[in-house]
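Colleague: Using only what follows, build the 3D model:
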Amino acid sequence: MGLSSWLSGSARGEHPDRPFTGYKLAHAALSADGTRTGFAGLTMGAGHVYGVVAEATCVWNSRHQSPRRWCGCGFYCLHALTDALSLGCATENRSALLIEVAASGRYIRYERGLRYSRQRVRAIKQAWCSCGRPGIALADAGSGLVGWRHLAPVCDQCVAGRPTLTLREFVARLDGRVSIDDGPDGMAQLPGMAAPAATTADAEQPFAVLTAEIALLHARLDNLQARLDG
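Modeller: Numbers count the residues shown, from 1 in each chain. Prediction:
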C-alpha cells in the first residue's frame, strides 16, 4: 500500500460525532522495570510509547494541534482489517501486533484510513511469531527506546526457554482495559496457513507405546508362571 493510496481523497480536518473503528500495527513495549506495558508506533511515532488512551502530539512542532494538514503528525489507522493484515506482511512489520482502535477527536480522512488526534486501543486482533505460527507470548525483540524494550510475539514452539510475557500478562500491565481476540492467550492462525499436520509416526506413537507395555506385561507373566511351575 503506497503513500498515494493514503493521500488520495484526503479531506480537511473534521470532527466526528462518534468514534471510528480502525485497525493499525504497533510494537508491544515493556518498561525497564517490567511493571508497565504500552504500544509504540512503526514510523514517525516510533520514538514514543503510548497507552490505551492517548492524544497525538507533533514530534516536530508541539505548538500546533495534531493532525495538521501539511504535516505528517497524528495517529494513523486503516478502515479495513484486510488492509492492516497486508501491511503486517512487510518485513519491517512482522514483529508488530495488529490492534483495533476507536479513533476520535480531530481527523483527516483518506481513501483507506484516517489521521486523527485521539485513540483508544480496544483489542489485540493478531500476533504472529516469525515462524508463521500464532503468537501466544511476547519476548524481548532486541530493540527498544530509552526506558522501554520492544517485545515480539513468539509461538509455543519458538519460546525455547526465553523469558516471556503471555498476552494476558501484557494486557494486565496496560493502563486500561484491552481485550484479546480468540481466547485469553491465543491468536488465530495466519490466513492461508494451517498448523503442521500430525505425521503418521506421531499418530502411531501412542499405539506403539501401548504395544510395548503389553509385551512387557506378558513377559513378566511368563516369567512368573515359569517360577510357579518350577
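Colleague: K125 - how many residues pack around it?
Modeller: Close neighbours of K125, defined as other C-beta atoms under 10 Å, add up to 20. Quick note: C-beta positions are derived from backbone N, CA and C, even for glycine.
Colleague: so where does it fall, helix or strand?
Modeller: Using DSSP states H and E, the secondary-structure element containing K125 is strand 113-126.
Colleague: contacting residues for F20?
Modeller: Contact criterion C-beta atoms under 8 Å, 6 or more residues apart in numbering gives 77, 79, 102-104, 107, 114, 116 as the residues in contact with F20.
Colleague: Name whatever forms a beta bridge with the nearest residue to A28 once chain neighbours are set aside.
Modeller: Leaving aside its sequence neighbours, A28 sits nearest to L151 (C-beta to C-beta, 6 or more residues apart in numbering; 4.1 Å). Partner residues in beta bridges with L151: A28, D140, with DSSP bridges as the criterion.
Colleague: how close does L151 get to S143?
Modeller: 10 Å (C-beta to C-beta, to the nearest Å).
Colleague: give me phi/psi at A172?
Modeller: phi -70, psi -20 (degrees, to the nearest 10).
Colleague: confidence score at it?
Modeller: Per-residue confidence for A172 comes out at a pLDDT of 97.
Colleague: out of L151 and S143, which sits in the busier spot?
Modeller: Set L151 next to S143 and count neighbours by other C-beta under 10 Å: L151 wins out with 26 against 14.
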